[in-house]
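Asker: build the 3D model from these lines:
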Amino acid sequence: MSIPEIRLQFARNLKEERHKAKLTQEEIAEIIEVSVRYYQMLESKKPTAVKIDTIDKIAKAFKIRPAKLFNF
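Answerer: Residues are numbered from 1 along each chain as shown. Predicted structure coming up:
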């Protein structure tokens with residue numbers, strides 16, 4: 001089963017925003033109150049599905065609009 005392109009793009013954008021913010025995966029996981037393992041899966045080459053509430057927490061942590069995480 002192939003991974004939907006929207007998940008792959010989200011993962012790439014998530015990683016890029018985290019690097020811009022100079023945060024580790026552990027730090028952002030703590031900020032958004034998820035496990036490190038779950039956060040790692042969001043940025044992986046086979047990203048898991050993500051809840052809209054989690055997207056909102058991530059966007060707030062990075063001080064960006066949620067839509068920016070889906071820019072293609």
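Asker: contacting residues around the strand or helix carrying Ile58?
Answerer: Here Ile58 is covered by helix 52-62, with elements defined by DSSP states H and E. Residues outside helix 52-62 that contact it (Cβ atoms under 8 Å, 6 or more residues apart in numbering) are 14, 17-18, 20-21, 28, 31-34, 65-66, 68-69. For the C-beta atoms, the positions are set from N, CA and C on the backbone; glycine is no exception.
Asker: and those, which is closest to Leu8?
Answerer: Checking those against Leu8 with Cβ to Cβ, the nearest one is Leu14 at 10.7 Å.
Asker: how many neighbouring residues does the nearest residue to the closest one once chain neighbours are set aside have?
Answerer: Spatial nearest neighbour of Leu14, excluding adjacent residues (Cβ to Cβ, 6 or more residues apart in numbering): Glu43 at 5.5 Å. Neighbourhood size, Glu43 [other Cβ atoms under 10 Å]: 17.
Asker: please consider this matter closed, and thank you.
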